[in-house]
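In: my questions are about this predicted structure, shown below with the sequence.
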Amino acid sequence: MSNVKRKNGTLWTALFTLLSVLYVYPIVMILLNSFKIETAITTSGAFTLPTADTFAGFTNYVNALMAKGFLQSFGYSLFITVSSVALILLCCSMCAWYITRVNSPISKAMYYLCVFSMVVPFQMVMFTLSQISDQLKFNTPWNLCVIYLGFGAGLAVFMFCGFVKSIPLEIEEAATIDGCNPVQTYGYIVFPILKPTMISVAILQAMWVWNDYLLPTLVLDIKKYRTIPMLIQYFRGSYGRVEMGPMMACIMLTVLPIIVFYLACQKYIIEGVVAGAVKG
């Protein structure tokens, strides 16, 4: 029986290793092509390692950073991501705490409304959203976080509600007896306990906002503001030719920050997701 289990374990290990290699392969190819000259990428050499004749060094990265406006787009994407995630964490955690602790028809309706919003396809509301955002002057990076709050609230409130149910009510009652008002109870008691779910929600929302292309394209003024996913679509040279070298470099520069953020916080993901989805 032990030999059978060992063989099954080896088989599963080999299978998942193969799947991991297939998953990482596109990223590795983008990294290799970012160091090649243009002709080596557009021909059959796109799937080969750089050689002395095809190696371009950091020319593509310099072109992406300086000539293509990457730094400006990076700033817009960073501001939108940080502001949106911060707003989602603060507002949705407070909303989930209210929904969980206040047992009323209004709180239940709010909860089911947030859950229902997760199953509504974005394509159903995108044209109406674009018109309303123009009318309300939300077509700038400084206001886009409000729209992301609306679309990210469903998942965030669902996860926070599951975790808040696991917090003993006696802790909050003790804080009230000590003289804390609801805002102080949330800030001093509830907020620190929510740390695992906070990090999990932050990672999920940051990956979504950072890589989102459709919503900024519909809402923002493309002539003035371009996030990184939008910028990648405009790597074109003369006669409409796509500049693959700078594009590959830009993609790597875009992927790197979110990978670093994910690796730094990955130990909290399983803990936060399980706590938010199972407990209570």
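Out: Thanks, I have it.
In: Ile177 - how many residues pack around it?
Out: Other residues lying near Ile177 total 8 when counted by other C-beta atoms under 10 Å. To be clear about C-beta, it is placed using only N, CA and C from the backbone, and glycine gets the same treatment.
In: what distance do you get for it to Thr185?
Out: Going from Ile177 to Thr185 by C-beta to C-beta, to the nearest Å gives 11 Å.
In: ok, now Lys195?
Out: Counting by C-beta to C-beta, the gap from Lys195 to Thr185 is 16 Å.
In: average model confidence for stretch 227-240?
Out: The predicted model gives stretch 227-240 an average pLDDT of 72.
In: repeat for stretch 139-158
Out: Taken as a whole, stretch 139-158 has a mean pLDDT of 89.
In: buried residues, it. List them.
Out: By neighbour count with 16 or more other C-beta atoms under 10 Å, stretch 139-158 contains the buried residues 139, 141, 143-145, 147-149, 151-158.
In: likewise stretch 219-234?
Out: The neighbour-count check on stretch 219-234 (16+ other C-beta under 10 Å) flags Val219, Leu220, Tyr225, Arg226, Thr227, Ile228, Pro229, Met230, Leu231, Ile232 as buried.
In: what does stretch 115-123 give?
Out: Counting neighbours by 16+ other C-beta under 10 Å, one finds that the buried residues in stretch 115-123 are Ser117.
In: what distance separates the start and the end of it?
Out: In stretch 115-123, first residue to last residue: 18 Å (C-alpha to C-alpha, to the nearest Å).
In: same thing with stretch 173-189?
Out: End-to-end distance for stretch 173-189: 11 Å, by C-alpha to C-alpha.
In: quick one: average confidence on that stretch?
Out: Here stretch 173-189 scores 87 as its mean pLDDT.
In: ok, stretch 76-84 next?
Out: For stretch 76-84, mean pLDDT rounds to 93.
In: kindly export that stretch (C-alpha atoms) in CSV.
Out: The C-alpha trace of stretch 76-84 is given here as CSV (Å, rounded to 0.1, in the frame of the first residue of the first chain):
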residue,chain,number,x,y,z
TYR,A,76,-1.2,56.5,-13.2
SER,A,77,-1.5,52.7,-12.7
LEU,A,78,0.2,52.9,-9.3
PHE,A,79,-2.0,55.7,-8.1
ILE,A,80,-5.2,54.0,-9.3
THR,A,81,-4.2,50.7,-7.8
VAL,A,82,-3.2,52.0,-4.4
SER,A,83,-6.1,54.4,-4.0
SER,A,84,-8.6,51.8,-5.2
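In: sec struct for the residue most central in space within the chain, please.
Out: Taking C-alpha atoms, centre = their mean, the centroid of the chain lies closest to Met207, which sits 1.6 Å from it. Assigned by DSSP: H, G, I helix; E, B strand; the rest coil, the conformation of Met207 is helix.
In: give me the pLDDT value at it.
Out: For Met207, pLDDT reads 88.
In: how near is it to Gln184?
Out: Going from Met207 to Gln184 by C-beta to C-beta gives 33 Å.
In: likewise Gly245?
Out: Per C-beta to C-beta, Gly245 is found 55 Å from Gln184.
In: in the stretch 1-150 of the chain, what spans have low per-residue confidence?
Out: Scanning the stretch 1-150 of the chain with the threshold set as pLDDT under 70 gives 1-5, 43-46, 67-68.
In: ok, the residue nearest to the centre of the chain - contacts?
Out: By C-beta atoms under 8 Å, 6 or more residues apart in numbering, the contact list for Met207 reads Ile258, Tyr262.
In: what's the distance between it and Glu243?
Out: As judged by C-beta to C-beta, Met207 and Glu243 stand 27 Å apart.
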